[in-house]
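*Asks:* Below are the sequence and a predicted model for it; my questions follow.
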Amino acid sequence: MKKTIKLLQILFSFSSILLFVSCLNSAGDREESDNRTIIFNGNISLDNSCLNLVDYSVNSAARSAQPSLPASITYYAKAINIDNETDVIFSEDIDQINGSFSIPLKTGAVWRIEVGATGVSAINSSDTDAVLIKDTFDFNPATATEPRIEHTFYLRPYISSTGKGKLYLNLKVENPKDNNIKKIEIVPQHKLNEARSEAEITTVWSSVSNWESTEKSVIFTSQLNATSTVNFFLHADEFKSGIWEVAINFRDGENQLLFSSIQVISVYDNLITEKWESSKTTASSNELIDENGVFKLTTLLIDSYGLTDFYVGGTGANDETGSGSPMKPFATITKAIAVINGINRLDKTYTLHIKDGISQTVDNQIVIQANISIECYTGNSYGNRLGTATITSKSSDCIIKILHSTGSPALTIEGVKQNNSWTGLKLKSASVYNRPTSQTTRGVSITSNASFYMNGGEISGNTITTAGNKGAGVYVETGGYFIMGGGIITSNTSPGLGGGVYVAEGGDFTIKGGSITGNKAVNGGGVYVDGAMTIGGTALISENSTNASPSSSSNIYLPNDKLIKINGDIDGSTIGITTQTAPTIGNNIRFTEGYAYDKEWGQNGTNHPYKYFHSDVSGYSIITDPTQDNPATQDVDENTGDAFLATSGGKIKQKNRVTVYLRIETMTSDVPGKVCYKLGWESTGPLEEPLQDNVTTSVVLKYKGVAVPQDLWEYTQVNGNSIIYGKLYLDSSLPAGKYTVEADFTYVDPTYYPNGLIYAASLEITKE
């Protein structure tokens, strides 16, 4: 594998390195030899466009200052015997141009292969062989199944316990507002990769030029006029290696804070940190960092810093001259978000007011790194939430990414329900006619420690084939939070999991309003739950399906051991459930947590789960044991009142005395114009009195969650000693499809239960 090594300026996006190990196929079984020689072939890789240095598992701050390499470096490769570090083998054929090498290694030892680049140290010019970047790989030749093995090394800078680098950073203060900036404070917060006391931090930072350790600040001594551009320098010839988080505060003569920003400064052994870098956004969307990598504070950012409300659209809207105020609104949504991100204050919540009818097409994903609430207004009534705005995206990643930085960013979309639609911000993928056919777009990605509150708007028309094929509408990453109280997620398609919403392991999704409908995926056309899900309120999750041909219902998909938390009454249509493990006779599958036990909405079995849930798979039904009075049974491990999927109507146990089965006995057309289903309720167990004197049933027929008018069907019941037979007649005028028979089974035992006990079950039938 040939690599071209280019030394280019360092960019900020350090998460882009992908570790790739090339493994050769085994040539078959062969005997191990204690004296074999294995040829270790190595490839040296630098990213084609940048060096990637920071580990973002430590911190993913919005922006950072990063080091660069000297103009000339030399590569080396060596193998070190882990048990005897004096036993070292150097590669004699390292290719400095293409970045490849080989080392012959004998079996009988475990070797640490170290590959790196040396050059002139930034802190000691006489040290011309300082190690600048490196990577290691442990290898035991005895495990090799081929005479040659291959591995790719990704060279990165490093931080040693005693290492130092050079700090040479510039901050530019341009056109300070009203000549008021008098002081810049550099306040170290902590060292991200290593715990340090305040005294240690002060000692390290005291090496910076003009540092005042008592105030941790630098004070301007000259008066600034309206056209001044002042350069402020952070210089230290020797600075302790580490990843440092600092607050940069700008104050006026009365010590009032005019602007503040959190930055990350990375210092590595033997390298010089000399350039500010923007984050995982484009440079143009980050006002603090200009195209030359200079930290630049502008009048616009100072003006905007105190604002918490920004306006888009309307009279005089202009991205160049606007400030985001009602009198000088921005023209585009992305400009407003970029300014708010640039302010970089996660201690505030910003409201973005967008004029009704604003529409914007974007080529790249929009990153949210602040707490932003978006409402669309009509007329001049800011905050009425009656307007609609649209973002149409051509991005090949996602429309919006809510990106965790040094706090917990959150995006809120507000709206109002009108008929069957919602006002608010609509996020849509561009038509295939306006983008490459291979390009795919996800709606919203929520990263760890970030939140998305959807109370209106729409996420629609997104199709993905990449990024794990999960979550075409919304992807809730591990540690992310999605709370849906309104809005619509519709017409999103995934060839994998979660057409509407995918909740990753460790992610959290709560739905208490709005609708998820018309989405498609292999599993979980509506929602795929690998993490946690809570349902309550007016949630509507319906008519989602698989994308197979023919398709089938797929609303919520629950892998094994995943449960839905119930939080209050569910006042929407019934929600379809599919579990990874299908129920069998005697093995009911639980799918809720905290449904009814000791909850007001579930006391005494008055609100049974079948009124809220149904099975997406034909032949399965919903059962429960919702009362506090019933003890645990062999079918329900804990008496929680939770809901279960069951076969043939399932079985309901009452104090281990009576087991009741609901099933379809026969289906006939013995009455002209009607289809007759014979249903059987079979009981076993000792009975004090005949069954017909103790049991009554009431039946409701539903189609797609809606009750069918009584004049289109009828039910008659025949009591027996141990079996209750009922005949359900469906009028031939009813459409073909799945119907749900919901039945309350009331067992009245005057000896034990003078007030009766109510159980419930449902059974899906199919009208051909």
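*Replies:* Thanks, I have the structure now.
*Asks:* CA only for contacts and neighbour counts going forward, please
*Replies:* Will do.
*Asks:* Please pull out the lowest mean pLDDT helix or strand from this structure.
*Replies:* Using mean pLDDT, DSSP states H and E, strand 651-654 stands out as the lowest-scoring helix or strand of the chain, at a mean of 37.
*Asks:* Check the burial of Ile97 by counting its neighbours.
*Replies:* Neighbours of Ile97 under the rule other C-alpha atoms under 10 Å: 13.
*Asks:* How much space separates it from Leu69?
*Replies:* According to C-alpha to C-alpha, to the nearest Å, Ile97 and Leu69 sit 17 Å apart.
*Asks:* try Lys355
*Replies:* To Leu69, Lys355 is 48 Å away according to C-alpha to C-alpha.
*Asks:* in the stretch 601-750 of the chain, which ranges drop under the pLDDT threshold?
*Replies:* Applying pLDDT under 70 to the stretch 601-750 of the chain flags the ranges 601-608, 610, 619, 624-641, 648-667, 669, 680-696, 718-724, 744-750.
*Asks:* List the contacts of Ile123.
*Replies:* The neighbours of Ile123, taking C-alpha atoms under 8 Å, 6 or more residues apart in numbering as the test, are Lys164, Gly165, Lys166, Asp237, Glu238, Asn270, Leu271, Ile272.
*Asks:* hang on, it in a strand?
*Replies:* No. Ile123 is assigned coil when assessed by DSSP: H, G, I helix; E, B strand; the rest coil, not a strand.
*Asks:* In terms of helices and strands, where is Phe250?
*Replies:* Assigned by DSSP states H and E, Phe250 belongs to strand 242-252.
*Asks:* Stretch 70-85: which residues count as buried?
*Replies:* Ile73, Tyr75, Tyr76, Ala77, Lys78, Ala79, Ile80, Asn81, Ile82 (16 or more other C-alpha atoms under 10 Å).
*Asks:* Strands - which of those residues land there?
*Replies:* The strands, defined by DSSP state E, take in Tyr75, Tyr76, Ala77, Lys78, Ala79, Ile80, Asn81 from the buried residues of stretch 70-85.
*Asks:* which residues does the second one bridge with?
*Replies:* Taking DSSP bridges as the rule, Tyr76 bridges to Gly116.
*Asks:* mind listing the helices for the chain?
*Replies:* Secondary structure of the chain (DSSP state H): helices located at 198-205, 299-305, 333-343.
*Asks:* Could you single out the most deeply buried of these?
*Replies:* Counting by mean count of other C-alpha atoms under 10 Å, helix 333-343 has the highest mean neighbour count of the helices of the chain, with a mean of 23.
*Asks:* now that one, how far from the chain's geometric center?
*Replies:* 22 Å (C-alpha atoms, centre = their mean, to the nearest Å).
*Asks:* Check which helices and strands it sits against.
*Replies:* Counting contacts by 3 or more C-alpha pairs under 8 Å, 6 or more residues apart in numbering; DSSP states H and E, helix 333-343 packs against strand 257-267, helix 299-305, strand 309-312, strand 349-355, strand 366-368.
*Asks:* Now the shortest one: average pLDDT?
*Replies:* Same thing as strand 366-368. For strand 366-368, the mean pLDDT works out to 93.
*Asks:* can you check the third one too?
*Replies:* When the per-residue pLDDT values of strand 309-312 are averaged, the result is 92.
*Asks:* and if you look at the first one?
*Replies:* Over the span of strand 257-267, the pLDDT mean works out to 80.
*Asks:* Can you check what angle separates that strand from helix 333-343?
*Replies:* Strand 257-267 and helix 333-343 are oriented at 80 degrees to each other (axes from the mean of the first three to the mean of the last three C-alpha atoms, to 10 degrees).
*Asks:* hmm, back to that, can you put the helices of the chain in TSV and add mean pLDDT and distance to Arg36?
*Replies:* Compiled in TSV, the helices of the chain are given as follows (pLDDT from 0 to 100; distance: least, C-alpha to C-alpha, whole Å):
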stretch	mean pLDDT	distance to Arg36
helix 198-205	75	51
helix 299-305	77	66
helix 333-343	90	59
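*Asks:* Between these, which one is closest to Gly253.
*Replies:* helix 299-305 (15.2 Å; C-alpha to C-alpha).
*Asks:* I'd like to know which elements the closest one is packed against.
*Replies:* Using 3+ C-alpha pairs under 8 Å, 6+ apart, helix 299-305 is in contact with strand 257-267, helix 333-343.
*Asks:* Export those as CSV, with columns for distance to Gly461.
*Replies:* Shown next, in CSV, are these (distance: least, C-alpha to C-alpha, whole Å):
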stretch, distance to Gly461
strand 257-267, 37
helix 333-343, 20
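*Asks:* I'd like to know which of these is closest to Leu763.
*Replies:* Leu763 lies closest, by C-alpha to C-alpha, to one member of those: helix 333-343, at 49.9 Å.
*Asks:* Restricting to C-alpha, output the closest one in PDB.
*Replies:* Output in PDB follows, covering the C-alpha atoms of helix 333-343 (Å, rounded to 0.1, in the frame of the first residue of the first chain):
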ATOM      1  CA  ILE A 333     -30.800  31.000   9.300                       C
ATOM      2  CA  THR A 334     -27.300  29.700   9.000                       C
ATOM      3  CA  LYS A 335     -25.800  33.100   9.600                       C
ATOM      4  CA  ALA A 336     -27.800  33.500  12.900                       C
ATOM      5  CA  ILE A 337     -26.700  30.100  14.100                       C
ATOM      6  CA  ALA A 338     -23.000  30.800  13.200                       C
ATOM      7  CA  VAL A 339     -23.000  34.000  15.200                       C
ATOM      8  CA  ILE A 340     -24.600  32.300  18.200                       C
ATOM      9  CA  ASN A 341     -22.000  29.500  18.000                       C
ATOM     10  CA  GLY A 342     -19.300  32.100  17.700                       C
ATOM     11  CA  ILE A 343     -20.400  33.700  20.900                       C
END
